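[1] Curious how this folds, go ahead:
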Amino acid sequence: MKSIVKKTALFIAIAAITACSQYENKQKSDQRLVEEKVEFESTTELDQITVTGANVLHVPKKTKNISKPIAHYAIADGLVAASPMPAAYFSAERNAENYQHFKDNRIKLTQNHPVSTFSIDVDTGAYSNMRRMLNNGLIPPKDAIRVEELINYFSYDYPNPTDNSQPFSISTELAPSPWNSNAKLLHIGIQGYEIENQQRPASNLTFLIDVSGSMNSANKLGLLKSSFKLLTKNLRKQDKVAIVVYAGAAGAVLDSTSGDKKSKILQALDKLNAGGSTNGAAGINLAYQITEDNFIKGGINRVIIATDGDFNVGTTNFEQLKELAERKRTTGISLTTLGFGSGNYNDALMEQLADAGNGNYAYIDTLKEANKVLVQEMSATLMTIAKDVKIQIEFNPNIVTQYRLIGYENRLLNNEDFNNDKIDAGEIGAGHSVTALYEIVLKGDKGWLEPLKYQNNKQKSSHSDEIATLKVRYKPVDEDTSKLLVKTLNTHQLLDNIESTSHNFKLSAAVAAFGQLLRGGNMTQHFNYKDVQNLARQTISDDNYGYRGEFLQLVSLAESLTTQQANTVK
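    Have a look, this model is predicted:
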């Protein structure tokens with residue numbers, strides 16, 4: 001018996017060593033692949049920076065009001081990289097990922113609840129995170145699927161604003177729901193005005209980079225460095241960049257530097273290595289302080305935090321970190337969060353921090369995604385053109401009997417919040433498009449809920465052809481008083497069939513159906529993945545960057561994984 005135990009133990013040890021070796025080789029290979037994707041000019045020596053081991057630590061002269069003396073901030077022992085985790089443990093570790101729980105929006109009876117109010121959302125992190133999981137052979141957990149972020153991942157062909165007095169245009173479209181013959185789908189589209197990179201105001205940016213041990217992999221720090229190199233390549237002379245890193249403590253590795261000194265910025269990025277625990281709060285405080293010290297009046301002032309969100313020392317309470325971001329946004333500094341990696345990924349923190357900091361949230365799973373967020377959509381990511389944007393719609397109960405908002409569950413507002421300028425809401429960047437969908441039931445059609453017996457409203461209305469009134473409230477970037485836009489939707493706008501709708505309508509409906517299926521498909525009836533593909537395929541001609549073609553592949557992959565999962569259960 002002892003002999004068998006010894007042989008078994010020896011076999012397990014050999015298998016573990018082999019797995020670790022294979023993982024380490026793969027990690028080195030992945031690191032080379034990531035780093036070889038971007039070529040940049042040769043770098044020169046950095047000045048005013050102290051190199052500790054393979055890492056850099058510098059105390060900015062201007063920094064002040066930091067609770068802990070900066071002289072005591074040190075990157076422990078040269079940031080020795082933590083031991084990588086064998087790939088065999090990934091499936092178990094994915095349970096450590098953190099997603100905020102929420103329930104789908106409830107169906108509303110128009111007679112009781114004629115008004116619906118919510119904040120806009122331009123985040124896209126849920127889509128690329130979903131893509132990462134599907135490509136890894138995993139069905140995403142329901143709480144990872146925020147349908148509005150899936151819809152808003154795509155660009156839509158909405159008209160640009162024609163009047164310079166308002167920063168965005170508003171479009172609406174109404175047609176039968178693809179998955180419910182008794183309902184209609186109301187499509188609302190908002191398009192921010194576009195601006196070329198060269199016309200963008202001067203930018204004062206601070207890269208806040210997580211170099212803790214949890215970031216030690218090619219798809220985390222390796223991909224992060226390559227992503228920031230892409231952004232650096234598109235900076236101009238009038239732009240400025242500082243770099244702050246944090247692990248067990250925080251420090252600046254690059255003072256605010258002109259965007260035309262790309263070699264200096266790139267060398268600072270190249271020297272970063274990972275190791276230690278994660279004191280994210282100390283890093284955020286220091287990054288905000290440096291951004292304040294280099295504030296550009298009338299320009300873009302923004303902290304860009306790149307991390308897996310695994311804060312484990314210092315301030316780790318969600319609410320305290322959000323309050324910090326909320327305080328700092330009043331100084332005119334926005335916060336963008338870029339998520340990386342898997343296993344311990346903290347999606348909930350990344351999304352909430354960006355919301356609190358008047359910024360946006362994206363998840364970077366590939367260098368292509370980094371190029372989309374930081375290059376193709378650079379102005380949208382960095383430059384805010386309207387803040388605290390709220391949508392409120394009042395349905396006419398004489399025409400609409402029931403409705404539901406698809407997505408935006410964690411963006412809902414009280415009706416009284418719409419006119420209250422002290423209530424925070426989402427921001428729109430230059431060139432951003434925002435899409436929202438309501439599924440509505442018209443009078444005479446069968447709804448989801450049984451009609452009320454004693455509450456029938458037989459009052460006649462003078463607005464007999466009005467379906468709803470749409471209101472959008474926003475604040476100009478430099479003002480604290482909101483402005484109001486109003487649009488009325490009439491019955492003559494209703495199209496007879498979905499074939500007559502625009503590509504905007506078809507694509508948003510297909511993506512909305514896909515997101516709902518991933519969340520369980522409780523409201524999509526018999527509409528399935530094949531139906532999603534057929535609807536989305538009709539829009540493929542408007543696919544300049546291949547994102548819609550990729551979407552079709554993800555739908556097919558989700559269908560295969562769902563079928564495989566069902567067969568396994570059986």
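
[2] just for the stretch 1-150 of the chain, where's the confidence low?
    1-95 (pLDDT under 70).

[3] show me where the stretch 51-200 of the chain has helices.
    90-93, 125-135, 147-151 (DSSP state H, counting those that start in this stretch).

[4] Equivalent analysis for the stretch 401-550 of the chain, please.
    503-518, 529-537, 547-569.

[5] highest average neighbour count across these?
    Most buried of the helices of the stretch 401-550 of the chain, by mean neighbour count (mean count of other Cβ atoms under 10 Å): helix 503-518, with a mean of 24. Bear in mind the C-beta positions are built from the backbone N, C-alpha and C, glycine included.

[6] so what does that one touch, helix or strand wise?
    When contacts are defined as 3 or more Cβ pairs under 8 Å, 6 or more residues apart in numbering; DSSP states H and E, helix 503-518 packs onto helix 147-151, strand 168-176, strand 184-192, strand 433-442, helix 529-537, helix 547-569.

[7] can you redo the ones you listed as a markdown table with distance to His101?
    Below are the helices and strands packed on helix 503-518 laid out as a markdown table (distance: least, Cβ to Cβ, whole Å):
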| stretch | distance to His101 |
| --- | --- |
| helix 147-151 | 15 |
| strand 168-176 | 32 |
| strand 184-192 | 27 |
| strand 433-442 | 22 |
| helix 529-537 | 25 |
| helix 547-569 | 21 |
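
[8] re the thing from before, can I get the helices of the stretch 51-200 of the chain in JSON lines with mean neighbour count?
    Putting the helices of the stretch 51-200 of the chain into JSON lines (neighbours: other Cβ atoms under 10 Å) gives the following:
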{"stretch": "helix 90-93", "mean neighbour count": "12"}
{"stretch": "helix 125-135", "mean neighbour count": "23"}
{"stretch": "helix 147-151", "mean neighbour count": "26"}
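
[9] Rebuild the ones you listed as CSV, extending it with distance to Val245.
    As requested, those are exported to CSV (distance: least, Cβ to Cβ, whole Å):
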stretch, distance to Val245
helix 90-93, 24
helix 125-135, 22
helix 147-151, 28
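
[10] so which of those comes closest to Leu272?
    With Cβ to Cβ as the measure, helix 125-135 is the member of those nearest Leu272 (22.4 Å).

[11] Now tell me what touches that closest one from outside.
    Helix 125-135 is contacted from outside by 139-140, 144-146, 149-150, 153, 337, 339, 342, 345, 347, 350-351, 361-366, 369, 518, 550, 554, 557-558, 561, using Cβ atoms under 8 Å, 6 or more residues apart in numbering.

[12] Nearest to Ile399 among the helices and strands packed on helix 503-518 would be which one?
    strand 433-442 (6.1 Å).

[13] helices or strands up against that closest one?
    helix 147-151, strand 184-192, strand 384-395, strand 400-406, helix 503-518.

[14] what's the closest of these to Lys229?
    Of all those, strand 384-395 comes closest under Cβ to Cβ, at 24.5 Å.

[15] can you give me how far that closest one is from the chain middle?
    Mean C-alpha position of strand 384-395 versus that of the full chain (Cα atoms, centre = their mean, to the nearest Å) differs by 18 Å.

[16] Could I get the average pLDDT for it?
    The pLDDT scores in strand 384-395 average 97.

[17] pLDDT weak spots in the stretch 351-500 of the chain?
    456-463.

[18] can you pull out the strands in it?
    With strands called from DSSP state E, counting those that start in this stretch, the stretch 351-500 of the chain shows them at 361-363, 384-395, 400-406, 426-429, 433-442, 466-476, 483-490.

[19] what is the orientation angle of the longest one with strand 184-192?
    Regarding strand 384-395 and strand 184-192, their directions subtend 160 degrees when assessed with axes from the mean of the first three to the mean of the last three Cα atoms, to 10 degrees.

[20] Helix, strand or coil: sort out Gln267 for me.
    State at Gln267, reduced to three classes by DSSP: H, G, I helix; E, B strand; the rest coil: helix.

[21] Now Val434: closest residue in space, sequence neighbours ignored.
    Ile190 (4.3 Å; Cβ to Cβ, 6 or more residues apart in numbering).

[22] Would you mind stating the distance between the one you found and Tyr438?
    Note on Ile190: its distance to Tyr438, by Cβ to Cβ, to the nearest Å, is 14 Å.

[23] the more surrounded of the two?
    Ile190 (26 against 22; other Cβ atoms under 10 Å).

[24] Test for you: state the pLDDT assigned to the more buried one.
    On the pLDDT scale, Ile190 gets 97.

[25] Over to Gly213?
    88.

[26] one step back: minimum distance to Lys240: which of the helices of the stretch 51-200 of the chain has it?
    If we rank these by Cβ to Cβ, the stretch that ends up nearest is helix 125-135, at 26.4 Å.

[27] ok and the closest one relative to helix 503-518, angle-wise?
    Going by the same axes, to 10 degrees, helix 125-135 makes 60 degrees with helix 503-518.

[28] can you tell which of the helices of the stretch 51-200 of the chain is closest to Glu196?
    Per Cβ to Cβ, nearest to Glu196 of those: helix 125-135, 25.2 Å.

[29] what about the strands in the stretch 151-300 of the chain?
    Under DSSP E, counting those that start in this stretch, the stretch 151-300 of the chain gives strands at 168-176, 184-192, 203-210, 240-246, 250-258, 300-307.

[30] Leu494 is nearest to which of those strands?
    Per Cβ to Cβ, nearest to Leu494 of those: strand 168-176, 4.9 Å.

[31] So what touches the closest one?
    158-162, 183-193, 385-386, 428, 467, 470, 472, 474, 485, 487, 489, 493-498, 500-502, 504-505.

[32] Report the buried members of these.
    The neighbour count (16 or more other Cβ atoms under 10 Å) marks 158, 161, 183-193, 385-386, 428, 467, 470, 472, 474, 489, 498, 501-502, 504-505 as buried among these.

[33] The helices of the stretch 51-200 of the chain: which one's closest to Asn204?
    helix 125-135 (24.1 Å).

[34] Columns distance to Thr307 on top of the helices and strands packed on strand 433-442, output as CSV?
    What follows is these, written out as CSV (distance: least, Cβ to Cβ, whole Å):
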stretch, distance to Thr307
helix 147-151, 19
strand 184-192, 27
strand 384-395, 22
strand 400-406, 30
helix 503-518, 25
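
[35] Map the structural domains onto the sequence of the chain.
    Following automatic domain parsing, the chain resolves into domains at 26-89+206-299+301-382, 108-152+163-193+384-445+464-569.

[36] I figured Lys483 hits Ala386, correct?
    No - Lys483 is not in contact with Ala386 according to Cβ atoms under 8 Å; the separation is 9.1 Å.

[37] residues shared between the contacts of the two?
    Tyr474, Lys475, Pro476.

[38] Tell me, how many residues neighbour the second one?
    Translated: Lys475. Lys475: 18 surrounding residues under other Cβ under 10 Å.

[39] same thing with the last one?
    The criterion is other Cβ under 10 Å. On that basis, Pro476 has 15 neighbouring residues.

[40] which residues touch it?
    Per Cβ under 8 Å, 6+ apart, neighbours of Pro476: Pro167, Ala386, Lys387, Lys483.

[41] at 7 Å what do you get?
    Pro476 sits next to Ala386 when contact means Cβ atoms under 7 Å, 6 or more residues apart in numbering.

[42] likewise the second one?
    By Cβ under 7 Å, 6+ apart, the residues touching Lys475 are Ala386, Lys387, Asp388, Thr481, Ser482.

[43] who wins for most neighbours among these?
    Ala386 (25 neighbours).

[44] returning to what we had before: got a markdown table for the contacts of Lys475, with distance to Leu286 too?
    Shown next, in a markdown table, are the contacts of Lys475 (distance: Cβ to Cβ, whole Å):
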| residue | distance to Leu286 |
| --- | --- |
| Ala386 | 30 |
| Lys387 | 25 |
| Asp388 | 28 |
| Thr481 | 33 |
| Ser482 | 33 |
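
[45] Good, wrapping up.
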